[in-house]
Structure formats: C-alpha cells, structure tokens
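Q: Return a 3D structure for these sequence lines:
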Amino acid sequence: MLSVFDFDGTLTRHDSFVPFLRFAFGTREFTQRILRLALPTLRYLSRGMSRDELKAQLIGTFLAGVEAKWVCQKAEDFCQLVWPKLMRPSGVRSVAAEIASGAEVTLCSASPALVLRPFAERLGIKLIGTELEVVDGHLTGRISGNNCRCENKVRRLEAIYGPLTQYRLRAWGDTHGDHELLDAAQDAHWRHFHPAWRRSRSRYSKAGSSVSVSPRDSHSNSEDQQGA
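A: Residues are numbered from 1 along each chain as shown. Below is the predicted model of the structure:
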C-alpha cells in the first residue's frame, strides 16, 4: 500500500509557502518584495504567464542568494509556530492511521521541500516536494527540476517508488494540480478533510464519473473548520 497526501489545502487549512515567506522575512520586507510581483501577477491573471512561471518569479524574488541553512532554520521555527492553526486535525489523524496500517506514506507537494521538511518529520512520513537549486550553500532562486504538481507528482513518485501500478495507491488532494495523482490512484480522496459544503462546490471526476462524498467522508470536520 502506498498512501500519498498533498499538503497545502489538503492537510492544511490554507497555503503555507506565502505565509512562510512573510514569517521568515518579516512583514515590512515581505511587503516590499511582494510588490515587485504585481506586474507578473497581472500577467498571470490575464493568462500571459503560467502558474509555474509566476512561482519561479516568487522564488527568485525572495530566495535568490539566501543561505539554505537560514531557510531550514526558519522552516523549523515556522512549523513549530503555526502547526496548531495550520494543520487540519482530521488530516493529521488520517496520516497517523495510514502509518499504523503499515502503508508507505509520503507527502507529495508543489511547495519547496526545504520548507516542508519539518512538517513531514513531525508527521513521521517521507517527503517529495519542489526542489530548490543550491550552490555553495546558497539558494540560486531557481527550481531544480520541475515544479512538483500535475503530471510531475506522478513522475516524482515513480522515480522513487517505481511504477505506481505495482501498488495499491491511495491519494488525497484538493486542487487541479492533484488530478493526475488522483487519476493514478485506486482509492482517490477529493477534499476529504474539507467541510462538506466545500467538497461539494467543485467535484473531481475520474473515468467520467464524479468522486462523491462517501459515508466515511461525512464525519464531522468541526475542528478543521476552526480558523479555515
């Protein structure tokens, strides 16, 4: 059994990378740098730039020339600070249940692995994330390889585990960037830990049929809704 969880929005109540940047750089420096991305963001919204290109600009704007050890330490501090409010309790329990079942469990996320490593370690599972290029101990501001979303999630998993067809694959995701992962799974969970009204707003379809909310999915997520 191979159990794969997306991170942002699936196990968490919201995105983690931009809040991490605000935490690491402080509000004033964060604001100054994020304003540089106003024009690229407008280009993205007008479909003149892809999501991956915008993300590359975000990473370059904040992390080019930054010491990797500094980012790792900030990630540790960020994880400790935000864990109680960021993580969905039902998601954390589900990860623990998969581990207890004897499954091989991993996070597979588009967020930088450097930032998510403390979260994966606290969950006690493996991590596949977007890798950042490091030269002489400093980040170059470039992605190493591909952004770990869409088909690249499946490619990264197969690079580590081999053909996914040899596993009973269970997968959890919540956005378009998870569709290929969910397509590869025999047991696909769409917005499994979200409040029911959010799960029903946008359905993920597989093999021409909608993935519906099963009785197991209909448990109370009242803890997760706090602060969502």
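Q: By residue count, tell me the biggest helix in the protein.
A: Longest helix in the chain, counting residues (DSSP state H): helix 68-86.
Q: Rounded mean pLDDT for that helix, please.
A: Averaging pLDDT along helix 68-86 gives 98.
Q: For Leu11, which non-adjacent residue is spatially closest?
A: With sequence-adjacent residues excluded and distances taken as CB to CB, 6 or more residues apart in numbering, Leu11 is closest to Gly91, at 4.0 Å. (C-beta placed from N, C-alpha, C; glycine too.)
Q: buried residues in the strand or helix carrying the one you found?
A: Element membership for Gly91 (DSSP states H and E) is helix 89-100. Using 16 or more other CB atoms under 10 Å as the test for burial, helix 89-100 gives 90-92, 94-95, 98.
Q: Does anything pack onto it? Which helices or strands?
A: If you count contacts as 3 or more CB pairs under 8 Å, 6 or more residues apart in numbering; DSSP states H and E, helix 89-100 packs onto strand 2-5, strand 104-112, helix 113-123, strand 169-173, helix 222-225.
Q: Show me what the fourth one packs onto, helices and strands only.
A: Helices and strands touching strand 169-173, by 3+ CB pairs under 8 Å, 6+ apart, are strand 2-5, helix 89-100, helix 179-184, strand 187-190.
Q: What residue in this protein is the furthest from its centre?
A: Distance from the C-alpha centroid of the chain, by CA atoms, centre = their mean, peaks at Asp136 (27.1 Å).
Q: and it, what pLDDT?
A: Note for Asp136: predicted pLDDT of 98.
Q: distance of it from Asp15?
A: 30 Å (CB to CB, to the nearest Å).
Q: Next: Tyr161.
A: Relative to Asp15, Tyr161 is positioned 27 Å away (CB to CB).
Q: His138: how many residues sit nearby?
A: By other CB atoms under 10 Å, 17 other residues sit near His138.
Q: can you check Gly129 too?
A: Counted by other CB under 10 Å, the residues lying close to Gly129 total 22.
Q: same question, Asp77
A: Under the criterion other CB under 10 Å, the count of neighbours that Asp77 has is 14.
Q: before we move on, what about Ile160?
A: Neighbour number of Ile160 under other CB under 10 Å is 11.
Q: Give me the contacts around the helix or strand it falls within.
A: Of the helices and strands defined by DSSP H and E, Ile160 is found in helix 151-161. Under the criterion CB atoms under 8 Å, 6 or more residues apart in numbering, residues 2, 4, 104, 106, 108, 128, 146, 148, 164, 167, 177-178, 180-181, 184 lie in contact with helix 151-161.
Q: From these, list the buried ones, please.
A: So, by 16+ other CB under 10 Å, the buried ones in those are 2, 4, 106, 108, 128, 146, 148, 164, 167, 177-178, 180-181, 184.
Q: ok, of those, which one's closest to Phe62?
A: Nearest to Phe62, judged by CB to CB, of those is Cys148 at 18.3 Å.
Q: What strand or helix carries that closest one?
A: When elements are assigned from DSSP H and E, Cys148 belongs to no helix and no strand.
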